[in-house]
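Colleague: A predicted structure for the sequence below; I have some questions about it.
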Amino acid sequence: MKKGFKLILWVVGIVLALLVIVSLLGGPLAKSYINRNGERLTGRHVAVKHVGLNLLTGHVAVQGLQIYEEDGVSSFAGFDTLDVRAYLLQLPFKTVNLRHITLSGLHANLMQDGERFNFSSLIEHFSSGDTVKDTTPSNWTLKLYNIRLSHASLRYRDLRCNKELSLPDINLRVPGFIIGGDESTEGGLNLNFDKGGHLNATANYDADKGRYDATVDLTDFTLRNVEGYVQDVIAFEEVQGSLTAHLTATGATTQLLKSRISATMTLRNVDLRDEHSSLAGLDNLTVKVNNFNLENNNLDIASVHLDGLRATYEQWDGYNNISRLMPAKDTSDLKDLKDTNDLKTLDDLNAPPAKKPPLQLRVGNLLVEHCALTYINHTLPDEFSFPITNLTINATNLSLRGDNNAQLRATLPGGGHLMARWQGNLDNWKQHQDLFLTVKGLDLKQLSPWTVAYTGQPVEDGIFGLTSRNSILNSQLNGQNSIDIYNPVVGKKRKDVKPEKHLPLKTALYVLKDKDDKILLDVPVKGNVDSPEFNYMKLLWKTLGNLIVKVATSPARALGNALGMGGTDLEFITVDPTQHGLTSEQYHTLGQLATVVQSDSLIVLHLEQRMPEATNDTVARLYELRNEMVRRYMAEQGVNEGQLIITTGAPTGKKERTGYVVTSDIKIEE
C-alpha cells in the first residue's frame with residue numbers, strides 16, 4: 001500500500017517537474033521559434049521580445065510582438081503585451097475556457113491602394129485555396145471572460161485619395177462572451193478620435209432568447225475626422241463643427257431588420273468653406289428619431305430643430321455655387337473594366353439596385369429659426385443680392401404622403417417682411433401645392449437689377465408689397481399676384497444694357513399711379529410645370545409686361561382713372577367745329593397728355609380730329625388751324641415731334657361728337 005502511494009507521488013512529482021521544465025523552457029523556445037520561423041509562417045518578418053508560459057496555471061504572456069510590412073522594415077502591426085489565462089483541465093471536455101484576455105498597446109497601420117490593402121498578402125498567404133466549407137456543427141464550447149483591449153491605436157491611409165483616419169486610444173471591455181452556451185454576453189468599447197471626439201459603446205446579448213440591446217454615445221466628434229471622405233461628395237476646402245449622438249438599438253439577432261433603432265443627434269457650430277468664402281453654416285441642428293425600421297424602411301422622427309442656419313446661393317451663367325461643389329466623376333475604373341472586357345463586372349455595376357419598400361417618413365415637429373439665406377445672381381447686368389434674415393419655419397406632422405402644412409416668416413432687405421403659408425404634397429409635388437405669400441414694406445430698389453435686365457430701366461425709389469396665391473394641381477399652375485407699389489421712381493434707360501423687352505415702364509408707372517402715388521395691379525400667372533420652357537419669373541414678367549404695354553397704349557383711359565376723371569374724359573377731347581381757338585379745359589387735357597408722352601420716349605400719341613359731316617372751306621380751315629395750334633402747344637410743352645401724330649379724319653357722314661380721338665402706340669424694338 002505504501003509502495004503504491006509512493007509510486008503515485010513519484011508520478012505526480014515527475015509530471016509536475018516536467019510541467020515546470022516545459023514552462024521554464026517553453027517560453028524561450030517559443031520566442032526563438034517565432035523569431036526564426038515567423039516569416040515562413042506568415043510571409044512577413046516577425047519579431048517578439050518575450051514569451052512566458054506556465055502550464056500549471058494556464059498562463060501565457062507575450063511581450064513586444066511586431067509584424068512588419070513586406071519590405072521587412074516598416075511596422076504593420078504589433079502589441080506591447082498579450083496576457084491570457086486558461087482552464088486547461090476543461091479541454092478534455094471540449095470546452096475552451098479563457099478566464100481573462102488582456103491585450104495592451106495594440107497598434108496597426110492599414111493602407112489601401114485602390115482595391116489592395118497592405119494586409120492582402122497575409123490573407124493570400126494563409127488562404128488554402130479550398131473553397132469547400134465545412135458545415136458540420138461544432139460540439140465545442142468557447143467561453144471567453146474578462147476580455148480587455150487597452151490603449152490600442154489604429155491608423156488608416158488611402159494612398160490614392162490621400163485620406164487618413166487615426167484612432168489613437170481604443171479601449172474595449174467584454175466581461176463575457178460565450179459561443180455554444182446559453183449565458184448572456186455584455187461588452188463595452190471606448191475610443192478617442194485623433195482630431196477630436198470620443199466614442200463609448202455598450203452591448204448586451206441574451207443567447208438563450210437571442211435578444212440584444214446596444215447603446216452608442218458619440219461625444220464632440222469633430223467633423224474634420226471625416227473631412228476627406230465628405231470631399232468625395234462635396235468639393236469644399238474645409239469643414240468645422242462637431243457631432244454628438246446617442247443611439248440605442250434593440251431586437252433579435254435572427255431578425256435584425258426588425259430591430260428598433262432610436263437616436264438623438266446634434267450638430268454644432270458647423271462651417272463649410274471653399275477657397276473663396278463660407279458656403280454654409282449653422283449654430284445647432286438637433287434631430288430626435290423615435291424609430292428607424294430597416295425592414296419597412298420607416299423613419300419616424302420626433303423633432304427637428306435647426307437654429308442659426310447661414311447659406312448663400314450664387315448663380316452664374318450655366319452653373320451655381322452648388323454645382324461648383326460637385327466633383328467631377330472619375331470614370332477611369334469603368335474604362336479599365338471596359339478595356340479588359342470584364343462584362344460580368346460591368347453587368348454588376350449597371351444592375352438595378354434591389355427593390356426596397358418606399359421610404360415612410362414622418363417628422364412630428366419641425367422648427368427652423370434665426371436663419372439667414374442670401375441669393376446672389378451674377379447673370380444680370382447688375383449683380384442681384386437679396387439677403388433674407390430672421391427666417392423662421394414651423395411645421396407639424398410632415399410626411400411624404402398626403403398634404404402637409406407649414407408657416408414661414410422672414411425679414412427682407414430695407415425693413416420688409418415676408419409671411420407664407422404652404423400646403424402641399426412632398427412625395428409628388430406636382431400633384432398638389434398651395435402657397436399663400438405676402439410681402440410688405442420691401443424697398444423697391446432691391447429689385448432694380450431685374451427691372452434693368454427686363455426693361456433696361458433701374459428703379460430708384462418705391463415701396464413694394466405683394467399678395468400671391470399660387471396653386472399647382474396635377475402639374476397645372478394657377479397663380480394670382482396682387483402687387484401694391486407706393487411712389488415708384490424709375491430712372492433713365494441704360495444705354496449699356498440690351499433688355500429682354502423694350503417696355504415703357506416709366507410711362508406705365510406714371511399712368512398707373514393714383515393721386516396718392518399708389519399702384520395696384522393684379523397679375524395672373526398660368527402654366528404647365530412639366531413644360532421644359534416653364535419659368536415662373538419669365539411668366540410673371542411676360543404677364544406684367546403685357547399689362548404695361550396695354551396700359552401704355554391706352555394712357556388716356558388709365559391716366560383718367562388714376563386721376564379720378566373717368567376714362568372717356570381723356571380719351572376724347574370735345575371741340576366745337578366752328579371753334580377758333582382752344583379752351584382752358586382743352587389746354588389742361590393736352591397738358592396732361594404731354595406729361596404722359598414726355599415720361600417715355602417709346603410713347604407715340606395720336607390725336608385724330610373727327611369730321612363727321614361734310615363742311616365748307618371755312619370750317620375745314622378751322623380744323624387745320626386747330627391742328628397747328630395743338631402741334632405748337634405740345635411742342636412748347638416739350639413733346640418730341642416724333643412722338644406726336646395729329647391728323648384730321650375724313651368726313652363720316654354721321655352725326656356724332658366732334659373733337660380729338662386720343663390713342664397711343666409704343667415703338668417696340670424686338
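Modeller: Noted; the coordinates are in hand.
Colleague: residue boundaries of the helices in the stretch 301-450 of the chain?
Modeller: In the stretch 301-450 of the chain, the helices defined using DSSP state H, counting those that start in this stretch lie at 332-339, 343-350, 448-455.
Colleague: Show the average pLDDT along the second one.
Modeller: Averaged over helix 343-350, pLDDT sits at 49.
Colleague: Equivalent analysis for stretch 85-93, please.
Modeller: Stretch 85-93 shows a mean pLDDT of 76.
Colleague: list the buried ones in that stretch?
Modeller: Neighbour-count burial for stretch 85-93 flags 85, 86 (criterion: 16 or more other CB atoms under 10 Å). C-beta: built from backbone N, CA, C; applies to glycine.
Colleague: Determine how far it lies from the middle of the whole chain.
Modeller: 59 Å (CA atoms, centre = their mean, to the nearest Å).
Colleague: Please export the C-alpha coordinates of it as CSV.
Modeller: The C-alpha coordinates for stretch 85-93 follow below in CSV (Å, rounded to 0.1, in the frame of the first residue of the first chain):
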residue,chain,number,x,y,z
ARG,A,85,-5.1,32.7,-18.6
ALA,A,86,-6.9,29.4,-19.4
TYR,A,87,-8.5,26.5,-17.6
LEU,A,88,-6.6,23.7,-19.3
LEU,A,89,-8.4,20.9,-17.4
GLN,A,90,-11.6,21.7,-19.3
LEU,A,91,-10.1,20.9,-22.7
PRO,A,92,-10.8,17.1,-22.5
PHE,A,93,-14.5,18.1,-22.1
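Colleague: Residue 451 - nearest residue in space that isn't next to it in sequence?
Modeller: The spatial neighbour of residue 451 that comes closest, neighbours along the chain excluded (CB to CB, 6 or more residues apart in numbering), is residue 459 at 5.2 Å.
Colleague: So that neighbour sits against residue 448, correct?
Modeller: Yes - between residue 459 and residue 448 there is a contact at 4.2 Å, judged by CB atoms under 8 Å.
Colleague: The two - which one has more neighbours?
Modeller: The residue with more neighbours, out of residue 459 and residue 448, is residue 459; 24 against 20, by other CB atoms under 10 Å.
Colleague: May I have the beta-bridge partners of the more buried one?
Modeller: In this entry, residue 459 is beta-bridged to residue 490, by DSSP bridges.
Colleague: Roughly how far does it sit from residue 310?
Modeller: Using CB to CB, to the nearest Å, one obtains 28 Å as the distance from residue 459 to residue 310.
Colleague: try residue 53
Modeller: Separation of residue 53 from residue 310 (CB to CB) stands at 64 Å.
Colleague: swap in residue 253?
Modeller: 45 Å.
Colleague: Neighbour count for the two, which is higher?
Modeller: Taking other CB under 10 Å, residue 253 and residue 310 do not tie; residue 310 has more neighbours (19 against 13).
Colleague: quick one: contacts for that one?
Modeller: Shown in contact with residue 310 (CB atoms under 8 Å, 6 or more residues apart in numbering): 278, 280, 281, 282, 371, 372, 373.
Colleague: Out of the residues you listed, list just those in strands.
Modeller: Counting by DSSP state E, those place 278, 280, 281, 282, 371, 372, 373 in strands.
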